[in-house]
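# Sequence first, then the predicted structure, then my questions.
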Amino acid sequence: MNIFEDIDPSIVEWVIIPALIFMARIIDVTLGTLRIVFISKGDKMLAPLLGFVEVLIWLIAITQVMQNLNNVASYLAWAGGFATGNFLGLRIEQKLALGQVVVRVITAEPADGLIERLISKGYRLTCLDAHGTRGKVHLLFMIVKRKKLQKVLDIIRGFNPQAFYTIEDVRSVSEVDLPQEESQRKTSFRKFFPLKKGK
C-alpha cells in the first residue's frame, strides 16, 4: 500500500521523500552523538539502546536514498540532516550536562576566602601550595557535577577575576568522593545493576 498514492508524484519525489530523509538523519545522528557521549561516560545500558534505534532509523533513511538515486534533493537532505543532527546532538548534551568535571584553579591571591566560600556552598576540594613562574600560588582541585559548574565558576570569578582555571571531563568518581545524596542514589542504582568486583 502506497500512502502517497493520492499525492502528485513530483511532490513526493522532490519534497516529501527528501523531507523524511532529512528528519530521519537528524534523529539518527542526534542519537549517535548522544550515544558517543554515554559511551564516554561508561553507561552500559543507555548507549546500546540508543545504538539500536540509531541504526534502525539509519537503515530506513539509506533505503529511501538508494531507491531515489537520481534525486539530488535526497542527497542534499541526507547531508543537511547529518549536519543538523550533529549540531542538535551537541546542544542536547550541553543542556543535559551529564557527568562530573574536575576543576583546577590556580591563583596568586590568598585562597582562604575562596575555600571558605566553596565549602560553605557544599563543595569538596583539595588545596595545595605551589610555585609558579611568578612566585607562590595556590592550587585548588575539585570535582563537581556539570550542572553545577557555572555556579562554581561564578564563585571563582567573584573571588578573583584573574584566577586561572581549567576544566576536564571525569569518566567516573569513587563513591567515597561523592556528596551524600549522590552516593545514596548510586547505591540504590547498583541494587539493580551490581558492579563486578574490582570495578
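On my side now, so go ahead.

# Residue ranges of each domain in the chain, please.
9-96, 100-190 (automatic domain parsing).

# can you list these in JSON lines and add mean pLDDT?
Below are the domains of the chain laid out as JSON lines (pLDDT from 0 to 100):
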{"stretch": "domain 9-96", "mean pLDDT": "91"}
{"stretch": "domain 100-190", "mean pLDDT": "81"}
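
# deepest of the ones you listed, which one?
Among the domains of the chain, the stretch with the highest mean neighbour count (mean count of other Cβ atoms under 10 Å) is domain 9-96, at a mean of 16. C-beta coordinates here come from the backbone N, C-alpha and C atoms, glycine included.

# That one spans what distance, first to last residue?
42 Å (Cα to Cα, to the nearest Å).

# and it, how far from the chain's centre?
18 Å (Cα atoms, centre = their mean, to the nearest Å).

# Double-check that I106 belongs to a helix.
No: assessed with DSSP: H, G, I helix; E, B strand; the rest coil, I106 is strand; it does not lie in a helix.

# begin at 450 from here
In the new count, where the first residue is 450, that last one comes out as I555.

# wait, what's in contact with it?
Residues counted as contacts of I555 (Cβ atoms under 8 Å, 6 or more residues apart in numbering) are 579, 581, 586-589, 612-614.

# which one among those gets closest to Q543?
Y614 (19.0 Å; Cβ to Cβ).

# returning to that earlier point: now tabulate the contacts of I555 in JSON lines and tack on distance to V486 and secondary structure.
JSON lines is the format used below for those (distance: Cβ to Cβ, whole Å; DSSP: H, G, I helix; E, B strand; the rest coil):
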{"residue": "A579", "distance to V486": "33", "secondary structure": "strand"}
{"residue": "G581", "distance to V486": "34", "secondary structure": "strand"}
{"residue": "V586", "distance to V486": "34", "secondary structure": "strand"}
{"residue": "H587", "distance to V486": "33", "secondary structure": "strand"}
{"residue": "L588", "distance to V486": "29", "secondary structure": "strand"}
{"residue": "L589", "distance to V486": "27", "secondary structure": "strand"}
{"residue": "A612", "distance to V486": "29", "secondary structure": "coil"}
{"residue": "F613", "distance to V486": "28", "secondary structure": "strand"}
{"residue": "Y614", "distance to V486": "23", "secondary structure": "strand"}
